[in-house]
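K.L.:
output the structure for:
(chains A and B)
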Amino acid sequence: MILFGGLLFALYALDLSLSGPEGFAEAKALLAAPLGKFIAWALLTGLGYHFAAGLKHLFLDWDIGDTLAGAQLGARLVIVTAVVLSALAGAWLW
Amino acid sequence: MVKSATSLTRSGLSDFLLQRVTAIVLGLYTVCVVGFLVVTPGVSYEQWLAYQGSGAMRLFSTLAVLATAGHAWVGMWTIGTDYIRGHYFGRQATLARGLYQLVCAGVLFIFVGWALELFWRL
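P.N.:
Here you go, the predicted structure:
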C-alpha cells in the first residue's frame, strides 16, 4: 500500500528532476530536506523489504525453503536483509 | 458463479506467472537505477539526463512502467480480495471492493500515462 502511494511521489520527483536544470536542482533540494529524505528512506525501506520477500517467494516456487524449518529460516533472512537494506539506504541518504 | 471477473488475466495461473515475470523486470530495473545513483555520487543534471534519455534506458523504463502497472494491479487485487470481503465488510463488501479497484485503476492509469510521457519527451 505504501509502495503504491509512493509510486506517484517518486514519479513526481523523477518528473521534476528531468524537467530541466532548475527542476533538477529543485528535486535535489526536495530530497535533501528532512521530510523528502524521510519519504525517500521509507520508500527504499519498503522496496527493500518487498524485494527480499519477493526473492523468498521465487525460491519457494522452486521448492527451496518450503519445509517448516526452511520457512522459519527464510522469514528471518528476509527480516535481516530488509533491516540491512534499510540501514544502507539510511546511510546513503544521510 | 463468477469467479475472477477482476483478476488481470482471468486465470490465477496466468496472474501468478505474470506477477513473477514483472517482478524480475522490476527487480532488475530497480538495481540498475539505484545502482547508477549509488556509483554516481553528486550526479549532475547532464549525467542524469544522458542516463535516463538514452534509447536503451527509455525502452527499459517503458517496460518497467508497464510491468509496474501489471504487478501493482495483481498485488492490489490480492490485497483487495483478501481483506475487502463479507467477513469484514458485510453486505457492502462487493461495492467497497469495486470502489477500491476503481481507485487503483485510476491511479495506475495516471501513473502509466504520466510516466510514458515523461520518458518519451526526453
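K.L.:
name the nearest residue to whichever residue of chain B sits closest to chain A, sequence neighbours excluded.
P.N.:
The minimum distance from chain B to chain A, using CB to the nearest CB, falls at B:Y45 (4.0 Å). (Each C-beta comes from the backbone N, C-alpha and C, glycine too.) With sequence-adjacent residues excluded and distances taken as CB to CB, 6 or more residues apart in numbering or on different chains, B:Y45 is closest to A:F24, at 4.0 Å.
K.L.:
what's the neighbour count on the residue of chain B closest to chain A?
P.N.:
Residues lying near B:Y45 (other CB atoms under 10 Å in any protein chain shown) number 17.
K.L.:
okay, it: pLDDT?
P.N.:
We have a pLDDT of 95 for B:Y45.
K.L.:
what do you get for the one 4 residues further on?
P.N.:
In the predicted model, B:L49 carries a pLDDT score of 95.
K.L.:
and B:M1, by the same measure?
P.N.:
50.
K.L.:
do the one 10 residues further on as well
P.N.:
According to the model's per-residue confidence, B:S11 sits at a pLDDT of 84.
K.L.:
how close does it sit to B:L17?
P.N.:
9 Å (CB to CB, to the nearest Å).
K.L.:
again, but for B:S7
P.N.:
Using CB to CB, B:S7 is found at 13 Å from B:L17.
K.L.:
out of the two, which sits in the busier spot?
P.N.:
Comparing B:S7 with B:L17 by neighbour count (other CB under 10 Å), the higher total belongs to B:S7, at 16 against 12.
K.L.:
kind regards, and thank you for your time.
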